[in-house]
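**Student:** I'll drop the sequence and a predicted model, then ask my questions.
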4 protein chains.
Amino acid sequence: MYNIALFGAGRIGQVHAVNIAEHKETSLYSVIDPYLDGANALAEKYGAKVQSTEEAIADPNVHGVLIASATDTHANLIELAAKAGKTIFCEKPVHLDIARVRDCLATVKANNVPLFVGFNRRYDPQFRKVREMLSAGSIGKAESLLITSRDPSPPPAEYVKVSGGMFRDMTIHDFDMARFIMGEDPVSIYAKGSNMVDPEIGKAGDIDTAFVVMKFPSGAMATISNSRRSGYGYDQRIELHGEKGLLTANNIKEDAVEQWGENGCVAAKPEHFFLQRYDAAYKAEWNHFVDVLAGRAKPECSGYDGEQALLLADSAIESLKSGLEVKL
Amino acid sequence: MYNIALFGAGRIGQVHAVNIAEHKETSLYSVIDPYLDGANALAEKYGAKVQSTEEAIADPNVHGVLIASATDTHANLIELAAKAGKTIFCEKPVHLDIARVRDCLATVKANNVPLFVGFNRRYDPQFRKVREMLSAGSIGKAESLLITSRDPSPPPAEYVKVSGGMFRDMTIHDFDMARFIMGEDPVSIYAKGSNMVDPEIGKAGDIDTAFVVMKFPSGAMATISNSRRSGYGYDQRIELHGEKGLLTANNIKEDAVEQWGENGCVAAKPEHFFLQRYDAAYKAEWNHFVDVLAGRAKPECSGYDGEQALLLADSAIESLKSGLEVKL
Amino acid sequence: MYNIALFGAGRIGQVHAVNIAEHKETSLYSVIDPYLDGANALAEKYGAKVQSTEEAIADPNVHGVLIASATDTHANLIELAAKAGKTIFCEKPVHLDIARVRDCLATVKANNVPLFVGFNRRYDPQFRKVREMLSAGSIGKAESLLITSRDPSPPPAEYVKVSGGMFRDMTIHDFDMARFIMGEDPVSIYAKGSNMVDPEIGKAGDIDTAFVVMKFPSGAMATISNSRRSGYGYDQRIELHGEKGLLTANNIKEDAVEQWGENGCVAAKPEHFFLQRYDAAYKAEWNHFVDVLAGRAKPECSGYDGEQALLLADSAIESLKSGLEVKL
Amino acid sequence: MYNIALFGAGRIGQVHAVNIAEHKETSLYSVIDPYLDGANALAEKYGAKVQSTEEAIADPNVHGVLIASATDTHANLIELAAKAGKTIFCEKPVHLDIARVRDCLATVKANNVPLFVGFNRRYDPQFRKVREMLSAGSIGKAESLLITSRDPSPPPAEYVKVSGGMFRDMTIHDFDMARFIMGEDPVSIYAKGSNMVDPEIGKAGDIDTAFVVMKFPSGAMATISNSRRSGYGYDQRIELHGEKGLLTANNIKEDAVEQWGENGCVAAKPEHFFLQRYDAAYKAEWNHFVDVLAGRAKPECSGYDGEQALLLADSAIESLKSGLEVKL
């Protein structure tokens, strides 16, 4: 049984807490959060202790850490955990500054500990099946990838001021998805954005609607379509065109009921947001991390993957500002 | 070029007039209808003459007749045309009285003329594909057939008083479809009905909602689900279950546009009624009849088929009254 | 925390064990099964004890019993538990003999204990939504109900010899579904069956393919379409036609990936069988039973419902044998 | 009755010939084609004459001309017809050289004759419905448009040498679609392409796979996804995201039959190519042109629209070569 110290008792920390507690090889050992009420509530629910960062890092009973705290604490916590020899699961991103990311990954490497970066969508059964079908040759060589990612409704403008902006907090998942599906790193990137959804987001210096185009060494290309607001739930789809046809991963709808009447045939909306849509993905991701903890697997999604996704986000911002395609 | 005399200038006559006029081997030679304004209008539109029944039957320039007049005139017109050696296309039914049907078919046989009975749905590309895929072995042996046929809205109660009732005017198409798909005649039939849609239909002695169950010599079974009113367009579907899987022929929707929003994902309704849904079927049916006219084919849908469908309708009425399964 | 004694450590017992263990108000207290290896394995997995029937019934720590043992033991266990004042969850059916069912229910009534009969499908989110939308008036008055229930592959012929046959072990769920959706008891029933899937089932005196037609006091009707083998997964659908339109509950597919190519557009099959399709239903059903245990609810699905479903199964068998519609 | 002179007896000329002949207000008066066998065959089929260009232009019985000849003849024929006062329908493009297009349009203007440029997709019922629903406010303000256009299989490399290349012969339809749906002209364009489908196309100096991103004055953006080969039929879709939700125009499939079996649920492919998919569009487009001929309407799709679409194609080529976003 592996004991896990969970940093961060917020929304995403709570998602992981369930999976840690339910997995037969892991237990939620401790919760660390500067907001003590949150830490206490979560710890109590799963019979865990509340620890300080220092206690958790120093505790020899802690086998693994799950870092789901504020973004700007990730790199420091990774380094502390790495030096203490813990196996590390860190929510994306490692850091918003790529130089800091590289330093941090060097520390991880020097301490030779496994680091898994939580790009949860790689574990969505739909997207994973697309990748597996591509690998199995079902559509021949990949040619064009279309990624659609639209949130149900925009975050507060306050959030985008600290998140690093849309490309770094939201599109970063799509950059990783493109790399995951295509199995190669892009050689060029172009990004175009607009502030259509909430003027406050524009005032905060960010966009809320975007298209990105990337080209890969093989000649294949990918586009990403993003919006901070769909109006109809969480829109998470991919289309992969290859030599012999198309693979699509469609949305999962809230239910399978339809009403047919005078005004047409009405089906349910896509599942509301990531907690619903990626429930299976969070569980599968944790299963993989347990394999890493147990030495049965290497992290499929590493610090390098986190770094590359951030690099693409940074390059997209550069392209957005310059109107130029950025070479990578 | 085959000259066609069209009996009946009403709604269904007009459907056929277009197809006769557009086919490169046929021309609309004359229109016969006791309602002369209708006959004149239709004739003028296609450069045809207006004739009386006697003139058309006696006219050696008439190669084929299309009988789309009132139901109670069909059998007489068939006999006149048969004696005059014309090739005959008759809308279903031959007659509402099965003894009269048999007499009429004997006359046709004695005169050795081809008679095609217009069960248009056999020429719907969806249903035909199901039958062809069954014949090609794609689902193995047929086991269960489900036929759904629901009109968009009920006819006036006046109509059901002269139509022979729902089983004889509406379900008769489904009886024929069951025979067409299964390729065998049922050995038993049970029918249950209800008056749910329009109380006036009930007062006229008829039902407007029904389920029918038939069993075939092979052991396969079929059910028919009918209503005089869907509320969402013309509902025309079949499901055929076999040893290795299922074939479904779904509705054709009015268009391929969807709107996704707060209240769900809205697609278009099924096409409104038979003029829309069976447009392709009427054309294909006429192509077949031209092959019959030209001696290139025997009628795929014969007087015998018309008789058998009526027999099933009569037996369904008997079952409805008695609460007993009727053996055939 | 309510302690639950689970009778039966087989497939369905294991499904319930997870839900009992995971629910925050219940714990799996003990497992009872004459096959001790099974009982031990299941008990060990959830930290429960193994008890004999007598021990469990006599144990004052047992608050509720879940009866998932062999069918012929249900009625006896219900009576023992009722006399001991336990709250009872019993998998359908109470018993295959309706007289025995009635005796048993009388005992339950005399002891004034809650009895919930586990018709799991009532808790499927799709079917429940259909019922709720009907109640909310979304399609007006119900007119026609079509229930499709087809298993992926047939059980061994040995099973049908002890199960009471298809109508009593499989269609019984559909009889209950018809009553659940329509909210009334049928006044007539007709059943037709065939042995198409496995000749051994025929030799065992049973059918494997069936259509059933029922009529309700309101004039509404329902049909059930059954097969012991679909060839494409577990086919569980309903269609409810009303005055203003149609509600459909469609199958849940294994995933949301499609492959488009030369041979068409290929989507996933329906989820394989009841363990997958009704996973959410089993959880929701257990939530309801916990409300019963806690006195917050009466059983929504009672001994009476179990009796009525069996009565319909018995009447269907009678109709199948006689070829007559059976009045209820 | 308006007499039409048809320039070009090839594939697209034949599509128009049917619609000219079937329309009750137009007749196919003459066919002009340097390949006389083709001209004769088409003329004979519809009872038209064969004329030379000079004869047709000089013939006072010719009311309208339909230019469906080789691309490099369009501008000259438009000018001749304009000077002769004919009403003009010209297949896209007016010319591949934008300066020549502008000269030609100046001649048209000077002669004050109506010129309709045949962007057939504007008349597809699906795309038109999207535009009408947008105008009706059903999704609020337009924000993101995604246009998918993929041919079933690539043209011969010979073709791309004379067609002006993919952006000018294929994407030009999508540029027009973007302008049609958004109702505004873009302010920037970026294009990225690849040679993935056929190396011969690459050797001929063209691409066969592309993504294009455009931004509009309102802040809205559009992307186009193209390929010369789908492997699964003609892929013609749009997605329009707005403030309140999404409108999609999906593909029309070859039929409505599905086969469900062990390997999944198989539906038909999209209709094969433009002759099938845009059959209704060609008819509707001709109806509009007849309104223009009769003075009941101005051309909805004018020389200016042709010029703008070509300008976008030229700018996309410039962007493709430079890797820069082009300002418009």
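**Tutor:** Done, it's in.

**Student:** check which helices and strands the helix or strand where A:Ala280 lies sits against.
**Tutor:** Taking DSSP states H and E as the criterion, A:Ala280 maps to helix A:279-293. Counting contacts by 3 or more Cβ pairs under 8 Å, 6 or more residues apart in numbering or on different chains; DSSP states H and E, helix A:279-293 packs against helix A:11-22, strand A:26-32, strand A:87-91, strand A:115-118, helix A:125-135. In short, each C-beta sits where N, CA and C put it, glycine included.

**Student:** what are the contacting residues of it?
**Tutor:** For helix A:279-293, the external contacting residues (Cβ atoms under 8 Å, 6 or more residues apart in numbering or on different chains) are A:2, A:15-16, A:19-20, A:23, A:25-26, A:63-64, A:87, A:89, A:114, A:116, A:118, A:120-125, A:128, A:297-300.

**Student:** of these, grab the buried ones for PyMOL.
**Tutor:** Selection of buried members from the contacts of helix A:279-293 for PyMOL, criterion 16 or more other Cβ atoms under 10 Å in any protein chain shown:
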select buried, chain A and resi 2+15+16+19+20+23+26+63+64+87+89+114+116+118+120+121+122+123+124+125+128+299+300
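
**Student:** give me the buried positions along the longest helix along chain A.
**Tutor:** The single longest helix within chain A, with elements called by DSSP state H, is helix A:303-322. Neighbour-count burial for helix A:303-322, counted by 16+ other Cβ under 10 Å, picks out A:303, A:305-317, A:319-320.

**Student:** roughly how far apart are the closest residue in space to A:Tyr2 that isn't next to it in sequence and A:Phe289?
**Tutor:** If the residues on either side of it in the chain are set aside, A:Tyr2 comes closest to A:His63, at 4.3 Å by Cβ to Cβ, 6 or more residues apart in numbering or on different chains. Distance of A:His63 to A:Phe289, computed by Cβ to Cβ, to the nearest Å: 11 Å.

**Student:** again, but for A:Gly233
**Tutor:** In this view, A:Gly233 and A:Phe289 are 28 Å apart by Cβ to Cβ.

**Student:** next: A:Ala313.
**Tutor:** The gap separating A:Ala313 from A:Phe289 is 24 Å, by Cβ to Cβ.

**Student:** tell me the centre residue of chain A?
**Tutor:** A:Phe119 (3.4 Å; Cα atoms, centre = their mean).

**Student:** surely that residue and A:Phe175 touch.
**Tutor:** No: using Cβ atoms under 8 Å, A:Phe119 makes no contact with A:Phe175, being 9.5 Å away.

**Student:** which neighbours do these two share?
**Tutor:** By Cβ under 8 Å, 6+ apart, the residues touching both A:Phe119 and A:Phe175 are A:Ala309.

**Student:** got the residues of the stretch 101-250 of chain A near chain D?
**Tutor:** A:139, A:141, A:143-144, A:146, A:150, A:188, A:190, A:192, A:194-197, A:209-211, A:213, A:215, A:219-221, A:223, A:225, A:227, A:229-232, A:235, A:241-246 (Cβ under 8 Å from any Cβ of the partner chain).

**Student:** helices along chain A, start to end?
**Tutor:** Using DSSP H, helices in chain A cover A:11-22, A:36-45, A:53-58, A:74-83, A:98-111, A:125-135, A:157-163, A:166-169, A:171-182, A:199-203, A:274-277, A:279-293, A:303-322.

**Student:** in CSV: those, plus mean pLDDT.
**Tutor:** Compiled in CSV, the helices of chain A are given as follows (pLDDT from 0 to 100):
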stretch, mean pLDDT
helix A:11-22, 94
helix A:36-45, 96
helix A:53-58, 98
helix A:74-83, 98
helix A:98-111, 97
helix A:125-135, 98
helix A:157-163, 91
helix A:166-169, 96
helix A:171-182, 98
helix A:199-203, 96
helix A:274-277, 90
helix A:279-293, 97
helix A:303-322, 97
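
**Student:** now those in JSON lines, with distance to D:Val31?
**Tutor:** Listed next are the helices of chain A as JSON lines, based on distance: least, Cβ to Cβ, whole Å:
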{"stretch": "helix A:11-22", "distance to D:Val31": "69"}
{"stretch": "helix A:36-45", "distance to D:Val31": "80"}
{"stretch": "helix A:53-58", "distance to D:Val31": "85"}
{"stretch": "helix A:74-83", "distance to D:Val31": "73"}
{"stretch": "helix A:98-111", "distance to D:Val31": "66"}
{"stretch": "helix A:125-135", "distance to D:Val31": "50"}
{"stretch": "helix A:157-163", "distance to D:Val31": "63"}
{"stretch": "helix A:166-169", "distance to D:Val31": "57"}
{"stretch": "helix A:171-182", "distance to D:Val31": "51"}
{"stretch": "helix A:199-203", "distance to D:Val31": "58"}
{"stretch": "helix A:274-277", "distance to D:Val31": "58"}
{"stretch": "helix A:279-293", "distance to D:Val31": "62"}
{"stretch": "helix A:303-322", "distance to D:Val31": "52"}
